[in-house]
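**Student:** Predicted model and sequence follow; I will ask about them next.
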Amino acid sequence: MTPLVSISDLKVAFDGTHVLHGIDLDISKGEAVGLVGESGSGKSVTWLAALGLLPAKAKVAGSVQLEGRELLGASGAVLDSVRGRRVAMIFQDPASALNPVLTIRRQLCESLALHRGLRGEAARIEALRLLDLVGIPDAPRRLSAYPHEFSGGQVQRIMIAMALAGQPDLLIADEPTTALDATIQAQILDLLSAIRREFNMAMVLISHDLGVVAENCDRVCVMYAGRIVERAPASRLFDDPWHPYAQGLIGALPPLDGVRRRLQAIPGTVPDPRALPSGCAFAPRCSFAGDGCHAGVPPLAPFEPDRAVACLRPQRVPVGLAAE
Amino acid sequence: MLRYFAIRLSRALLTIALVVTFAFIVLRLSGDPALMIMGPEAPPEVIAAFRKAWGLDHPIWVQYLDYFKAIGQGELGRSMRDGRPAIQLVLERIPATLALTIPAFLMKVLLGIPAGIYAALHRGSAIDRAVMITAVAGFTVPSFVLALLLVLIFAVQLGWLPSGGQDSWRHAILPIVTLGFGGAAVLARFTRSAMLEILGQPYIRTASAKGVPWRRVITDHALPNAAIPTVTILGFMVGSLIAGAVVVESVFSWPGVGRLLVVAVANRDLAVVQCILLLVAMTMVTSNLIVDFLYGLLDPRLRSKGAEA
Amino acid sequence: MTAPLVEVLGISRTYRMRSGLFGRAASVHAVDGLSFGIAKGETLGIVGESGSGKSTTGRMALGLESPDQGSVRFDGAPIATLGSSAWRAQRARMQMIFQDPLGALDRRLSVADQIREPLDIHKIGTAAERDDRVHELLQSVDLNDSHGRRYPGALSGGQRQRIVLARALATRPDFLVCDEPVSALDVSIQAQVVNLLIDLQARLGLTMLFISHDLRVVRQISRKVAVMYLGRIVEYGDADDLFARPQHPYTQALVSASPAPGRRSTNRIVLTGDPPNPAARPSGCAFHPRCRHATARCAAEVPQLVALDDQRQVACHLTTGARPKTQDAA
């Protein structure tokens, strides 16, 4: 089966600084893939580049195909027919992600007109249905309200309604719950998985929060300094991470139950993209690194049919840290 | 809502009162109108009589109270030069001034805003740089320098246009261009930076991610937001319609309010100066009120705060 | 049981808030009748979402803000009034660190100068002694003198938070209030700072009030935990026990909402309804509109924080005292 979206060797540079060093990633129909990494790892840039949403000064190379059709370098008209219609995207900060001077109705109906050709009363009815679907109470009255009149969680629901307006095959959710309180985050994640099931929509969940990704995704890619360093089924990654960085991330997360243990902090900091170490970008922080690690960048090598890791010394012995 | 406007209105009146008070004090401290108008050689009795006739022999605070009392009765005083009501003198000059400032205002808006938007959308391009260099020139070069430059080129060198006076529409062109150019430059720079800020906002990215074509992202999403800060500058420009042409009118000897002001100040023709200042303060304050009202219209975040009351 | 170093007795704080330009001023009860004590050398964690009043509580515990009602006692004496000389003397013994280290630091001063600043202000030691102390403080937060010569802009987020911590420790305080100190940091850096805080506390015998929305970080660092909801403590107890066996329905929802690697979201409690709004506090138990167990009594009567056993206090009609469910049925 051909994947829905196929990204290969995607590279991005800003002003000569490379921030993405060749990403290979396939998304199949209906699956949920998580992208995990700390700030600057390139998880958001990957999808902004794929959809042509980066500023013009960004240099993008490689290939992004949607069912065999190349998106990189495609014309504005082609991209506009993909964005929102085939691939929708929602963002982190709901408060600033909606246009403050336009009503919810106007912003929802804009998508409905663009992608479904709905106008007037037909668009209004569909907008109401979408708001109802994402759990906005009292939708008929709230339709004429402006974004600032909603709480953060509600705005994120409206963003999701807008994303659903084009009946997309893939939803990119970029840190959709980071700005929200814990109980509201749970509501939004619940809504996303319910919608995904109902419409058999594929989803890419971008998050810095391992727990969020683990609970909501089938597969997970761990990113570090502009590369995917590990790719694995969600359950297996968290029980048995292979890449030292993935292990480090899981070890750094304080447990909520069981015995309290000292956190396994990863020493040092994320490297500056303008001064990346030669070889594996994680090597300077890695306690397993050897000479070979500094010599060249390890490729993302498949070790099992559904697992790949970019490490010369993958730690394939279960460490038992993750078990929570 | 009513309370809000009551507060705004009383603030506006206070602003006007402060402007008038300031002008009153400065004018009276900076020279004696009797000496200015009658001339230094006038006999002391004549000076004294003049002072008595215009109430200048009273202590300054009495004059001040009398002045405010008169304003309260709608009496703005008479010109000390020819005894005509000051307001009449000023009103006569307003059409001439508006004949310059209104076309100049249109020039600012029609030239400055599109140039600013275009520059923002093509940031870093040759046209952006050209617009910005022109804009910087436009508001760093003082208007009298620009005026003289234009006269040198178009009147003296090329002989296409007259250098001063008010005989035909051709006489208005150079003053209008002088006035409009600086304002257009300010507007262009301001619009450009407002647009650039808006274009960096997350909701612009959201609109693109929804599949809205770029042209409509600009017209439907960016421009309505960029209008909000731009209105502030426009309000300021509307406020200067009456008194914004003092220098230009003097250079081109255009008989407007600005020139009347210069002459009246030179002569310490107190009533006329104060009348003009009062008018200027009032237009400024009114345009500020209009700007506030437009804010509410353009920005629903402010509007709904009002609706909660 | 030693006497508490910090004792908070029934503090309340109400803000007058205008809802918009023309709105009538309304009272917002940010904190409502809060009491707790922190024993010397112990850490109390406060958990809560936005609007729970946890930051206001932290500021009042430090005397940065005066409670409208109630009192705060520090080391057996009432906390001095803000700005008085007694307060300044007390202040050297109490410090605070915030979420945003860049905002807390001056971009134009080298970080060593900023660590030194409190020593200069409180006139502690000679110039040479102050230099030594700065060196020592930098080392205690795992940085060195070369970091000290840099400016905040040249340091990473985690390093900046260490600098803020070093500066807070300069006057050898007894009591440290940390308001979301690691929330802005990436996971790997967060772990470094959390470990550092735990080490420093153990070494210096610090008493801490640790405020965060992150249950995991709070559990890692705290002995006792108080869960706040709309200005009140709804549950209080031993950290490990509280998160393992939450009793209040809100705590249960919070614990269940905290995502865990290796767990699929099968039986998560998802709260319905809007997030809490301090300007429109519901009657009775403030949590009742979102609580799936709520009864008529919950809407009418404010539940008091009562001891469930010697470990745990809960403010919920359903978990304490007589079983209200049967009462209502009767």
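**Tutor:** Looks like it came in fine.
**Student:** and residue 131, what does it touch?
**Tutor:** In the absence of a named chain, this looks at chain A. Neighbour list for residue A:131: A:104, A:108, A:139, A:142, A:143, A:157, A:158, A:161 [criterion: Cβ atoms under 8 Å, 6 or more residues apart in numbering or on different chains]. Quick note: C-beta positions are derived from backbone N, CA and C, even for glycine.
**Student:** please go with chain C instead
**Tutor:** Taking Cβ under 8 Å, 6+ apart as the test, what residue C:131 contacts is residue C:116.
**Student:** Please tell me the pLDDT value assigned to it.
**Tutor:** At residue C:131, the pLDDT value in this model is 90.
**Student:** continuing past the helix or strand hosting it, what's the next helix or strand?
**Tutor:** Using DSSP states H and E, residue C:131 sits within helix C:127-140. Following helix C:127-140 in sequence order, the next helix or strand is helix C:145-148 (DSSP H and E).
**Student:** before we move on, the earlier item: buried sites along the helix holding residue C:131?
**Tutor:** In terms of neighbour count (16 or more other Cβ atoms under 10 Å in any protein chain shown), helix C:127-140 has its buried residues at C:130, C:133, C:134, C:137, C:138, C:140.
**Student:** Just the C-alphas of that helix, formatted as PDB.
**Tutor:** Output in PDB follows, covering the C-alpha atoms of helix C:127-140 (Å, rounded to 0.1, in the frame of the first residue of the first chain):
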ATOM      1  CA  ALA C 127      34.700  42.600  48.700                       C
ATOM      2  CA  ALA C 128      37.100  39.600  48.600                       C
ATOM      3  CA  GLU C 129      34.700  37.500  50.600                       C
ATOM      4  CA  ARG C 130      31.900  38.400  48.200                       C
ATOM      5  CA  ASP C 131      34.000  37.300  45.200                       C
ATOM      6  CA  ASP C 132      34.700  34.000  46.900                       C
ATOM      7  CA  ARG C 133      31.000  33.500  47.700                       C
ATOM      8  CA  VAL C 134      30.000  34.200  44.000                       C
ATOM      9  CA  HIS C 135      32.600  31.500  43.000                       C
ATOM     10  CA  GLU C 136      31.200  29.100  45.500                       C
ATOM     11  CA  LEU C 137      27.600  29.800  44.500                       C
ATOM     12  CA  LEU C 138      28.400  29.200  40.800                       C
ATOM     13  CA  GLN C 139      29.900  25.900  41.700                       C
ATOM     14  CA  SER C 140      27.000  24.900  43.900                       C
END
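**Student:** ok, now which ones touch residue C:239?
**Tutor:** C:45, C:218, C:219, C:222, C:223, C:224, C:225.
**Student:** Domain map for chain A?
**Tutor:** Split into domains by automatic domain parsing, chain A comes to A:5-217, A:243-309.
**Student:** Now do the end-to-end distance for the shortest one.
**Tutor:** Terminal residues of domain A:243-309 lie 6 Å apart, using Cα to Cα, to the nearest Å.
**Student:** go on, the first one?
**Tutor:** Here the two ends of domain A:5-217 are set 17 Å apart, with distance taken as Cα to Cα.
**Student:** so residue B:229 sits in a helix?
**Tutor:** Yes. Residue B:229: assigned to a helix according to DSSP: H, G, I helix; E, B strand; the rest coil.
**Student:** excluding its backbone neighbours, what's nearest it?
**Tutor:** Leaving aside its sequence neighbours, residue B:229 sits nearest to residue B:194 (Cβ to Cβ, 6 or more residues apart in numbering or on different chains; 4.6 Å).
**Student:** Thank you kindly, that will do.
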